[in-house]
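K.L.:
with the input below, show me the fold.
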Amino acid sequence: MAAVLAGDQRAFTQLMRRHKDSLYRFVRGYVGDASEAYDLVQESFVAAWHALARYDRQRSFGIWLKRIAINKCRDWRRRRAVRAFFYDAEDIDRPGLDIAQPIAAAKEREDELARLDDAIAALPANLKEPLLLSLMGEMSHRDIAEALGMTAKAVEVRIYRAKRALAGALATR
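P.N.:
Residues are numbered from 1 along each chain as shown. Okay, here's the model as predicted:
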């Protein structure tokens with residue numbers, strides 16, 4: 001990290017290689033779309049590069065990077081909600097629109113994964129973030145607590161609640 005802070009782009013490239021897979025898994029789980037996740041991972045690395053001057057040497061680079069990715073995912077979710085509002089408003093006014101028409105799944109496995117993605121996406125951020133950091137970010141409760149600014153016990157409780165909420169959501173669908 002000292003080389004990166006000194007401006008060594010090759011050292012930053014090495015850090016990117018080391019963290020890209022776990023960061024992608026986390027972001028993919030958060031947004032539920034592979035191409036959006038790829039873009040958000042790139043945005044996270046670019047933001048990290050530009051924010052190196054604000055990096056706290058006392059923190060782990062991986063945790064700091066996950067925090068940046070969380071913020072990118074939150075921004076993406078807000079932008080998506082705004083776009084959906086305007087897009088849906090236009091669709092509702094279209095003559096002959098049948099809103100209740102179901103969308104057929106191509107394969108049963110894809111349908112199950114889509115249900116899981118939807119259930120995860122429906123979780124409130126305070127439950128979704130610790131769950132995804134734990135499962136896909138491969139982080140300890142202590143590291144998650146540091147990244148999210150809470151206690152390790154709070155992380156444990158939120159992960160438990162997220163799993164219960166997912167089980168309930170998947171059981172009712």
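K.L.:
now do the helices in this structure.
P.N.:
Under the criterion DSSP state H, helices of the chain are mapped to 2-5, 9-31, 34-50, 61-93, 108-122, 125-135, 141-148, 152-172.
K.L.:
now do the same contact list for the closest residue to residue 20 other than its chain neighbours.
P.N.:
Using CB to CB, 6 or more residues apart in numbering and skipping residues adjacent in sequence, the residue nearest residue 20 is residue 41, 6.5 Å away. Every C-beta, even on glycine, is put in place using the N, C-alpha and C of the backbone. With contacts taken as CB atoms under 8 Å, 6 or more residues apart in numbering, residue 41 has the following neighbours: 20, 23, 24, 27, 69.
K.L.:
repeat that for residue 134.
P.N.:
141, 144, 155, 159.
K.L.:
please report phi then psi for residue 58.
P.N.:
When read as degrees, to the nearest 10, the backbone of residue 58 gives phi -80, psi -20.
K.L.:
gap between it and residue 168?
P.N.:
Taking CB to CB, to the nearest Å as the measure, residue 58 falls 39 Å from residue 168.
K.L.:
residues near residue 71, how many?
P.N.:
A count of nearby residues for residue 71, using other CB atoms under 10 Å, gives 13.
K.L.:
so for it, what's the pLDDT?
P.N.:
Confidence at residue 71, expressed as pLDDT, is 89.
K.L.:
now residue 44
P.N.:
94.
K.L.:
quick check: the closest residue to it other than its chain neighbours vs residue 59, distance?
P.N.:
The shortest distance from residue 44 to any residue that is not its chain neighbour, by CB to CB, 6+ apart, is 4.3 Å, and that residue is residue 69. Using CB to CB, one obtains 14 Å as the distance from residue 69 to residue 59.
K.L.:
what about those two, which has more around it?
P.N.:
Comparing residue 69 with residue 59 by other CB under 10 Å, the one with more neighbours is residue 69, at 28 against 14.
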